[in-house]
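Undergrad: sequence plus the predicted model coming up.
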Amino acid sequence: MLLKGAQSFANGSKAVAAADARFVRRVEQAAMPVMYVVLFRWDELKAYAAKAVAPWPYNATKRPQFDEFKRRYQALDATRLDEGGHTIDWMEEALFGSADAPSARAPAAGLRVSSTHWPMS
C-alpha cells in the first residue's frame, strides 16, 4: 500500500506539473507522510518492490530522497515533524547516523519512541 500511495502521489505530481504552482505544493505536501514512512523502511520496501517487480516511485538511493523530503519540509517552514518535537535534523540523524549528536539520543523524559519513531506517552 505504501508503494501504491507513493506512485499515486508521483502520478499526481506529474499531472499538476504544468498547472499552478499551488497545486504542485499541495501534492508535494500531501505526499510527505508516505515518504516519511518509506524513508524509515527504505531497505525493506525497496527489496519488496524488486521482488514484486513493482515500480519504485522514489530516487534510487535514500540520501537524495531524504534531501527531497527536507526541501519540502523547509518549504513549509515546518519546525517539527511531530508532537514529540522531533526535527528534520533528528530524522536525518536517525536515518544516516550520528550517535553523538544530542537529538539522536533518547527523547525527552516521560516519552518513549515506538518502532516507527513516533513518540508514545
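TA: Arrived safely. Numbers count the residues shown, from 1 in each chain.
Undergrad: residue ranges with poor pLDDT in this protein?
TA: Within the chain, the segments meeting pLDDT under 70 span 99-121.
Undergrad: which residues of it fall in helices?
TA: 2-16, 21-40, 42-52, 62-75, 88-96 (DSSP state H).
Undergrad: tell me how many other residues surround Leu3.
TA: 19 (other Cβ atoms under 10 Å). Placement of C-beta: from N, CA and C, glycine included.
Undergrad: any idea how far Thr87 is from it?
TA: 27 Å (Cβ to Cβ, to the nearest Å).
Undergrad: can I get the helices of the chain in CSV including distance to Asp82?
TA: Converted to CSV, the helices of the chain look like this (distance: least, Cβ to Cβ, whole Å):
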stretch, distance to Asp82
helix 2-16, 18
helix 21-40, 9
helix 42-52, 19
helix 62-75, 12
helix 88-96, 10
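Undergrad: tell me which of these lies nearest to Leu81.
TA: Set against Leu81 and scored by Cβ to Cβ, the helices of the chain come closest in helix 88-96, at 6.1 Å.
Undergrad: tell me, how many neighbours does the closest residue to Met35 other than its chain neighbours end up with?
TA: Nearest non-adjacent residue to Met35, counting by Cβ to Cβ, 6 or more residues apart in numbering: Phe69, 5.3 Å away. Neighbours of Phe69 under the rule other Cβ under 10 Å: 23.
Undergrad: so what's Phe69 up against?
TA: Applying Cβ atoms under 8 Å, 6 or more residues apart in numbering to Phe69 gives the contacts Met32, Met35, Tyr36, Leu39, Met91.
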